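>>> Using only what follows, build the 3D model:
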Amino acid sequence: MKAFVADAQWAPKDGYKPTTEETARKRAAIGSSVWRNPTFGIKDIPTPNIMDDELLVAVKRCGICGSDTHLYETSADGYIQFSGPVSLPQTIGHEYSGVVVKTGRAVRNFKEGDMVAVESINWCGICTPCRSGAFNQCENVELVGITTAGALAEFIAAKERHCWGINGLRRIYSEDDIFDLGALIEPIGCAYNGIFIGGGGIRPGMSVVVFGTGPIGLAAVALSRIAGANLIIAFDVQNKRLDIAKALGADYVFNVIDLERIGILPREKIMDLTEGYGAELQIEAAGAARHTVPEMENTLAVNGKLIYLGRSATSVEVMLDVLVSGANSIIGARGHSGYGIYNNIIRLLSTGRLQVKNIITSYYEFNETLMALGKSVDRQDGKCMIRLG
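Numbers count the residues shown, from 1 in each chain. As a prediction, this is how the structure comes out:
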């Protein structure tokens, strides 16, 4: 089968000493400290053989994620930007939907022809975090398209426990729309996990601020709107993305570069629009903590929560007295598994209550995947979607 494969040089940076296991498996715990000079291309690889508890899925759609962009982008000395675990060579891509073409002998809930959306956090189900319900913190986690085979391929093998049926979307959507929306569930799930699981949810009437209006930030806007937020303010550096945020329900959107030109900080806008009270929920989806966290901590309302979704290997100073005085909290959230997240998003999509199709701003055919990766670097699109069938 055809697959889009990434590879790179194993070249640990000075000061980074991979463990014996990292070296043996060529699985770096911090990819940006090891993998250098990445290459990408479509290759012929074997079609996967499925195990008894797996489905063989013909991939129909696969979104380009910021993690994929961070595999493609490099630092000045050629190292990839993704700071999480990375195993190469690898078929990349993890935001996907498709059709079941074969089932393993132990599969009970799916059959050939079913439409599915699939989690990209491959949790084991047997470690202590998994058995405690913290699937996103699985000790043996594999990340689809990053540490294990991904979905930018004609076929992918997926565990039944990671798959979700989306046949019910047929009630109101065309087949093309179903596959598009199915591939969006993964990034929407990351926002859902941060807001409603990690953050404890939105009380109707709350004010919400979103820094970064990529797909996860855009999903945060849409979810906050249908959850009853009274005021939603979004910040980014790309006007195109801010326009999408406005369409999805943001009340006010601001380009931080434009604000800087006229000497205004985001915190000033937030405090003005909340009449000096601040926002109860603030979401970092930009991966630019050094720039965003100072604005957020200075504008948290009493009992406010800062939800950190953006991923970057960096540290920032935080004034702890602000947290103490305001009874505020900072919460990190990763992933989209467990807690009924996929199921609830599918329900919201199937009734039309969650309208997110316009997050997708460009489509590419499979043979244009490298072009799509290159385009993703400018961060003007909401979601670049690859059509595979």
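>>> Kindly give the local confidence score, pLDDT, for Lys159.
With respect to pLDDT, Lys159 has a value of 98.
>>> That one reaches Asn122, doesn't it?
Yes - applying CB atoms under 8 Å as the test, Lys159 and Asn122 come out as touching, 6.9 Å apart. The C-beta positions use only the backbone N, C-alpha and C, and glycine is treated the same way.
>>> which of those two has more neighbours?
Asn122 (22 against 19; other CB atoms under 10 Å).
>>> do you know how far the residue nearest to the more buried one when sequence neighbours are not counted is from Ile126?
Nearest in space to Asn122, with sequence neighbours left out and distances taken as CB to CB, 6 or more residues apart in numbering, is Glu142 at 4.1 Å. For Glu142, the distance to Ile126 equals 14 Å [CB to CB, to the nearest Å].
>>> pLDDT score for the residue most central in space within the chain?
The centre of the chain sits closest to Pro187, judged by CA atoms, centre = their mean, with a distance of 3.9 Å. Predicted confidence (pLDDT) for Pro187: 96.
>>> Then it would be within a helix, right?
Yes - the assignment for Pro187 (DSSP: H, G, I helix; E, B strand; the rest coil) places it in a helix.
>>> thought it was touching Asp68?
No - in this structure, Pro187 is not within contact of Asp68 by CB under 8 Å, at 11.7 Å.
>>> hang on, the earlier thing: Glu142 and Ile126: which has the busier surroundings?
Higher neighbour count among Glu142 and Ile126: Glu142, with 17 against 10, using other CB under 10 Å.
>>> Next up, the contacts around Pro129.
Contacts for Pro129 were tallied using CB atoms under 8 Å, 6 or more residues apart in numbering; they are Phe135, Gln137, Cys138, Glu139.
>>> Redo those residues as a markdown table? Include secondary structure and neighbour count.
As requested, the contacts of Pro129 are exported to a markdown table (DSSP: H, G, I helix; E, B strand; the rest coil; neighbours: other CB atoms under 10 Å):
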| residue | secondary structure | neighbour count |
| --- | --- | --- |
| Phe135 | helix | 25 |
| Gln137 | helix | 18 |
| Cys138 | coil | 21 |
| Glu139 | coil | 12 |
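>>> From those, pick the one nearest Ser362.
Comparing those against Ser362 with CB to CB picks out Phe135 as the nearest, at 31.6 Å.
>>> Do you know the pLDDT at that closest one?
Here, the pLDDT recorded for Phe135 equals 96.
>>> what does stretch 336-348 contact?
For stretch 336-348, contacts defined as CB under 8 Å, 6+ apart pick out 117, 119-121, 123, 133-136, 162, 164, 166, 168-169, 185-186, 188-190, 192-193, 196-197, 226, 354.
>>> Just the ones of those in strands?
Counting by DSSP state E, the part of the contacts of stretch 336-348 found in strands is Ala117, Ile121, Trp164.
>>> Could I have the buried ones of those as ChimeraX selection syntax?
Typed into ChimeraX, the line below selects the buried ones among the ones in strands among the contacts of stretch 336-348, using 16 or more other CB atoms under 10 Å:
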select :117,121,164
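>>> which of the ones in strands among the contacts of stretch 336-348 lies closest to Ala250?
Nearest to Ala250 among the ones in strands among the contacts of stretch 336-348 is Ala117, at 25.7 Å by CB to CB.
>>> Who are the contact partners of that closest one?
Contacts for Ala117 (CB under 8 Å, 6+ apart) come out as Tyr96, Ser97, Cys163, Trp164, Ile166, Gly182, Ala183, Ile185, Glu186, Tyr342, Ile346.
>>> can you list the contacts of Pro129 in CSV and add distance to Arg61?
Shown next, in CSV, are the contacts of Pro129 (distance: CB to CB, whole Å):
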residue, distance to Arg61
Phe135, 24
Gln137, 28
Cys138, 26
Glu139, 31
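>>> of all these, which comes closest to Gly276?
Nearest to Gly276 among those is Gln137, at 37.6 Å by CB to CB.
>>> Tell me how this structure divides into domains.
For the chain, the structural domains run 2-187+336-387, 200-332, going by automatic domain parsing.
>>> so how far is the first one from its chain's centroid?
A distance of 10 Å separates the C-alpha centroid of domain 2-187+336-387 from that of its chain, computed with CA atoms, centre = their mean, to the nearest Å.
>>> Next, the distance between the ends of that domain.
13 Å (CA to CA, to the nearest Å).
>>> pretty sure Pro266 is touching Leu259, no?
Yes - Pro266 lies in contact with Leu259 (CB under 8 Å); the separation is 6.6 Å.
>>> more crowded one of those two?
More crowded of Pro266 and Leu259, by other CB under 10 Å: Pro266, with 22 against 15.
>>> Could you pull up phi and psi at the more buried one?
phi -50, psi -40 (degrees, to the nearest 10).
>>> Nearest residue to it in space, please, no chain neighbours.
Spatial nearest neighbour of Pro266, excluding adjacent residues (CB to CB, 6+ apart): Glu295 at 4.4 Å.
>>> Great, nothing more from me.
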